[in-house]
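Visitor: After the sequence you'll find the predicted model.
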Amino acid sequence: MVVADETVMVDSELLAQVVTKYRREVKQFQVGMFDHSAEFQAKPFKDWDPPSVVVRSVSDRFLNVSAILSHLSFEKAFPKELDDPEAVEIHLSFGAHHKKLRKPMKVPSAEAVAWAAAIFGPWASSAYWQGPIVANTFGHPQALHFVLYVSGEGVPRQPPEMGFVHKKLMLS
């Protein structure tokens, strides 16, 4: 696994703005992702319908920010991870576009980090920033990506062995 010594700090003011202004949207992600029964754990992913949302940016009045949540089983994505084949990668990506021009724009990094922390909620400190992981050949700004790895028991776990850089989210 490639986990950098570096961390990505969550701007607590931006986090508070996201949580306050978009509490319904954040809840939509969390209800789809977490099981609140006996323990706070990930829902079974068999029938999971990952949410997505487009909202006004809290840091740039000319931007709309889009968030897409997806998941991928370790069995398919990381077949060499034999220790927990039922583990899952929860993947969160953010993009942005200009509200009036409808042109793709660079997503404000601090806002994307705040959104990731809000959506991952109590598990934010177990999540990782991966940055712009997909090479873009069309000249469009790249999306920013965040991941949370969940064991087969539904609790956070370490990243698998792979070549992506992972920077831990740090709440202030």
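Guide: Looks like it arrived, so ask away.

Visitor: ranges for the strands of this structure?
Guide: With DSSP state E as the criterion, the chain has strands at 2-10, 34-35, 41-42, 52-56, 63-73, 88-98, 104-105, 128-131, 144-150, 165-171.

Visitor: so which of those gets nearest Thr20?
Guide: Taking C-beta to C-beta, strand 52-56 is the member of those nearest to Thr20, at 12.8 Å. The C-beta positions use only the backbone N, C-alpha and C, and glycine is treated the same way.

Visitor: Might you calculate how far that closest one sits from the centre of the chain?
Guide: 14 Å (C-alpha atoms, centre = their mean, to the nearest Å).

Visitor: got the CA coordinates for that strand in CSV?
Guide: Presented in CSV, the C-alpha positions along strand 52-56 are these (Å, rounded to 0.1, in the frame of the first residue of the first chain):
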residue,chain,number,x,y,z
SER,A,52,-25.2,11.4,-6.3
VAL,A,53,-25.9,15.1,-6.0
VAL,A,54,-25.3,18.4,-7.7
VAL,A,55,-25.3,21.4,-5.4
ARG,A,56,-24.2,25.1,-5.3
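
Visitor: For it, which outside residues touch it?
Guide: Applying C-beta atoms under 8 Å, 6 or more residues apart in numbering, the contact partners of strand 52-56 are 22, 25, 28-29, 63-69, 99.

Visitor: Next, the buried residues of it.
Guide: For strand 52-56, burial by neighbour count (16 or more other C-beta atoms under 10 Å) applies to Val53.

Visitor: ditto for stretch 16-32
Guide: In stretch 16-32, counting by 16+ other C-beta under 10 Å, buried: 17-19, 22, 25-26, 28-30.

Visitor: can you put the residues you listed in a markdown table and add pLDDT and distance to Trp123?
Guide: Converted to a markdown table, those look like this (pLDDT from 0 to 100; distance: C-beta to C-beta, whole Å):
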| residue | pLDDT | distance to Trp123 |
| --- | --- | --- |
| Gln17 | 97 | 21 |
| Val18 | 97 | 16 |
| Val19 | 97 | 15 |
| Tyr22 | 97 | 18 |
| Glu25 | 94 | 18 |
| Val26 | 93 | 13 |
| Gln28 | 86 | 17 |
| Phe29 | 85 | 12 |
| Gln30 | 84 | 10 |
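
Visitor: And those, which is closest to Pro79?
Guide: Phe29 (28.1 Å).

Visitor: Hmm, that closest one is touching Ser70, no?
Guide: No - look at Phe29 against Ser70 with C-beta atoms under 8 Å: they stay out of range, at 11.5 Å.
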